[in-house]
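**Q** Structure, please.
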Amino acid sequence: MSLLPEDAGYLEHVQAYFLAFRGDGVSLSPLDAELLADWMARGVPYPVVCRGIRRAAESLLYNNGASARLRTLRSCRSAVEREFRHWEGAPATPIGKEAPSPETAAPASAESFAVKRLKKARASLRKALAEATPEAAKAAIESAQAIVAMELDDPRQVSVLVARADDALCLVYLRRLHAATRRALMREARCAAGPRPEGASRRARKDALRAHRVALARSHGQLPTLT
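**A** Coordinates of the predicted model:
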């Protein structure tokens, strides 16, 4: 299965996805476009870039409130690079140290990191379930636990699994909320995403709306972030 959407190119999709978080403009700055071209040349998958953008947006929302907006794609660089290192099977690199390239990382280390990553996700969910009180949050956490219960040691498969569990955690929570509360959060997500940019694909718009819903659900339910 291709990691790139079929109805538009990589550059167009990521641009449309990012602009839904920035909330204005119709194109990237030259520096942002250069960064995006570099990610494409290095083979950073579309879902990995999008997850990094969403993580950067969620961090901004958590630290600066609902009115905070991403202004440049470059502000998402560290989050995207972190997601790509995880995808390649390398742990996040501490600040001040240079990350090893995927070419120099030992395969055994990649397998070990993937296994540890799954264990960390499970531990985070167990802790969250023990502290959760609303039924909506409990149901969401249990759904995510079922997804990461699978035993895998391939870092790319684990990345897909963790991302799927992280999305389910928030989307199941939304579905279990009272209808009025759910509708209010959905309206807030559509408002945050803003109008669909001219020429943007439906796929990019759908992905961006979903990411806004995930971010709002996580904040509303105080749900953990799976990394």
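**Q** What does the pLDDT read for Gly23?
**A** Gly23 carries a pLDDT value of 64.
**Q** okay, which residue is most central for the protein?
**A** Central residue of the chain (C-alpha atoms, centre = their mean): Arg51, 2.7 Å from the mean position.
**Q** mind checking the SS state of that one?
**A** helix (DSSP: H, G, I helix; E, B strand; the rest coil).
**Q** Quick check: the closest residue to it other than its chain neighbours vs Arg126, distance?
**A** Spatial nearest neighbour of Arg51, excluding adjacent residues (C-beta to C-beta, 6 or more residues apart in numbering): Glu83 at 5.1 Å. For glycine as for every other residue, the C-beta is placed from the backbone atoms N, C-alpha and C. Noted for Glu83: a distance of 24 Å to Arg126, by C-beta to C-beta, to the nearest Å.
**Q** how about the helices in this structure?
**A** Per DSSP state H, the chain carries helices over the ranges 10-22, 30-42, 46-64, 77-88, 107-131, 135-147, 155-176, 179-193, 202-221.
**Q** avg pLDDT for the longest one?
**A** Same thing as helix 107-131. 85.
**Q** swap in the last one?
**A** Mean per-residue pLDDT for helix 202-221: 84.
**Q** Now do it: everything it contacts.
**A** Identification of contacts with helix 202-221 by C-beta atoms under 8 Å, 6 or more residues apart in numbering yields 5, 7-8, 12-17, 20-21, 50, 53-54, 57-58, 61-62, 134, 136-137, 140, 166-167, 169-171, 173-174, 185-186, 188-190, 192-193, 196, 223, 225.
**Q** From those, keep the buried residues only.
**A** 5, 8, 12-17, 20-21, 50, 53-54, 57-58, 61, 136-137, 140, 166-167, 169-171, 173-174, 185-186, 189, 192-193, 196, 223 (16 or more other C-beta atoms under 10 Å).
**Q** hang on, the earlier thing: Glu83 and Arg126 - which one has more neighbours?
**A** For Glu83 versus Arg126, neighbours defined as other C-beta atoms under 10 Å are more numerous around Glu83 (26 against 12).
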